[in-house]
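S.K.: Curious how this folds, go ahead:
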Amino acid sequence: QVQLVESGGGLVQAGGSLRLSCAASGGTFSSYAMGWFRQAPGKEREFVSTIMWSGGGIYYADSVKGRFTISRDNAKNTVYLQMNSLKPEDTAVYYCAARIGGSTMSLTVPITYKYWGQGTQVTVSS
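M.R.: Below you'll find the predicted structure:
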């Protein structure tokens, strides 16, 4: 059974930085796409970024391009989301997600991801 465990959330002032981690276990991840999504109170879950585990594409939402960087450590089965220049509107619960296969056109769609972590809260104060 695939398990995803996020860590690294917290409270930070606007302009600050945080790094989220997602530790994956229970699967062979070479064929997986690993994504980060977020959900603010009263809003739908939205795509943040995705990385193909075995190389290939990296994708970002327009709202985070140039500020967030996704990366992976294959030896540790861990995916990271470095978040810089944080804004109050980045406040949300951040979720790690994983899926196998599928079209690149659907990488931003939460329902296409089979596995999810429990989420980690990120709060950016103004």
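S.K.: so the residue nearest to residue 54 when sequence neighbours are not counted, which of the three states?
M.R.: Closest residue in space to residue 54, ignoring its immediate chain neighbours: residue 30 at 4.7 Å, by Cβ to Cβ, 6 or more residues apart in numbering. No exception for glycine: its C-beta is placed from N, CA and C like everyone else's. When classified by DSSP: H, G, I helix; E, B strand; the rest coil, residue 30 comes out as helix.
S.K.: Tell me how many other residues surround residue 30.
M.R.: 11 (other Cβ atoms under 10 Å).
S.K.: how close does it get to residue 112?
M.R.: 19 Å (Cβ to Cβ, to the nearest Å).
S.K.: still on that earlier bit, can you tell me how far the residue nearest to residue 54 sits from residue 56?
M.R.: 11 Å.
S.K.: what's the answer for residue 4, then?
M.R.: Taking Cβ to Cβ, one finds residue 4 at 20 Å from residue 56.
S.K.: Please identify which of the two sits among more neighbours.
M.R.: residue 4 (22 against 9).
S.K.: So the most centrally placed residue in the chain, which state does it fall into?
M.R.: Nearest to the mean C-alpha position of the chain, counting by Cα atoms, centre = their mean, stands residue 36 at 1.8 Å. With three-state DSSP as the basis, residue 36 sits in strand.
S.K.: Contact partners for it?
M.R.: 20, 22, 48, 49, 50, 70, 79, 81, 94, 95, 96, 97 (Cβ atoms under 8 Å, 6 or more residues apart in numbering).
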